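Q: Just to be clear, the model below is a prediction. Sequence and coordinates:
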Amino acid sequence: MKKLIYTFLAVSIIFAACKKEDEVVAPTVINGCMDAIAINYNTNATSDDGTCTFGVVGVWTPTSISGTSSMTVVVSGETVDSFDTTFTMTPTDEGWDFPTAIEFTTDGKMYVDDGDDDQDTNSYTYSGNVLTVTDDEGTETNPCTVTSTSLTVMFSDTETYTEDYMGQEATITESSDMTLNATRQ
């Protein structure tokens, strides 16, 4: 009887030792953009691969504008006056004369609310980090950067004109480079 018990016990141990372990199945990893605001959002993604790209569609609140501006006055080929200035303004600063909100819609409309009763409506296109806006004064193309929470638009303008300056005809050149920063509402 002892032999039978020992044999049975040995067979049990052998079967237990040979039992295949439960396989651990690793979850399927799907790389992609996991930010729902992004234009390439992947609802099936389980791992954010850093490829999110963002559009301008939405409502933006300007938070600051900074830049440089300069003016040069030339009379008879000689510079008689010039200045350069650097500035930064926020909506709480006196003299803030920029929009309180900017909305870009999916149908190519841009609504600019400057805090008064009027709201400007323009058309726009956005492609490859370039924002092109058309209003009643023409078309302006500006580089910009968009993330899920911020919009940065760079403006650059140079204007040259002739005007009387202290009784003499002068060529005046004004230049400005500005950066508008806004957050998504």
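A: Cool, the structure landed. Residues are numbered from 1 along each chain as shown.
Q: CA only for contacts and neighbour counts going forward, please
A: Will do.
Q: The closest residue to residue 170 other than its chain neighbours and residue 171, how far apart?
A: Nearest in space to residue 170, with sequence neighbours left out and distances taken as Cα to Cα, 6 or more residues apart in numbering, is residue 75 at 4.7 Å. Here the criterion is Cα to Cα, to the nearest Å. By it, residue 75 lies 7 Å from residue 171.
Q: re the thing from before, which residues touch the residue nearest to residue 170?
A: When contacts are counted by Cα atoms under 8 Å, 6 or more residues apart in numbering, residue 75 is found next to 168-171.
Q: Throw those residues into JSON lines and include secondary structure, thanks.
A: Output for those, formatted as JSON lines (DSSP: H, G, I helix; E, B strand; the rest coil):
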{"residue": "168", "secondary structure": "strand"}
{"residue": "169", "secondary structure": "strand"}
{"residue": "170", "secondary structure": "strand"}
{"residue": "171", "secondary structure": "strand"}
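Q: Out of the residues you listed, grab the one that's most surrounded.
A: With neighbours taken as other Cα atoms under 10 Å, the top of these is residue 170, carrying 21 neighbours.
Q: my guess is it meets residue 80, correct?
A: No. Between residue 170 and residue 80 there is no contact under Cα atoms under 8 Å: 9.2 Å.
Q: so what sits against both of those two?
A: Residues touching both residue 170 and residue 80 by Cα under 8 Å, 6+ apart: 73-74.
Q: what's the spacing between the nearest residue to residue 183 once chain neighbours are set aside and residue 62?
A: Leaving aside its sequence neighbours, residue 183 sits nearest to residue 150 (Cα to Cα, 6+ apart; 4.5 Å). Going from residue 150 to residue 62 by Cα to Cα gives 10 Å.
Q: Which one's more surrounded, those two?
A: Neighbour totals were compared for residue 150 and residue 62, and residue 62 leads with 21 against 18 (other Cα under 10 Å).
Q: Are we agreed that that one is in a strand?
A: Yes. Assessed with three-state DSSP, residue 62 lies in a strand.
Q: Is it bridged to anything, and to what?
A: Going by DSSP bridges, residue 62 is paired in beta bridges with residue 182.
Q: can I assume it is in contact with residue 185?
A: No. Using Cα under 8 Å, residue 62 is not in contact with residue 185, being 10.2 Å away.
Q: re the thing from before, hey, what's in contact with both of residue 150 and residue 62?
A: With Cα under 8 Å, 6+ apart, residue 150 and residue 62 have common neighbours 181-183.
Q: Tell me the one among those residues nearest to residue 120.
A: Within the shared contacts of residue 150 and residue 62, the smallest distance to residue 120 is 17.8 Å, found for residue 182 (Cα to Cα).
Q: Correct me if wrong: that closest one contacts residue 148.
A: No. Contact criterion Cα under 8 Å: residue 182 and residue 148 do not qualify, at 11.4 Å.
Q: These two: which is more packed in?
A: Legend: neighbour count by other Cα under 10 Å for residue 182 and residue 148, higher for residue 182 (22 against 16).
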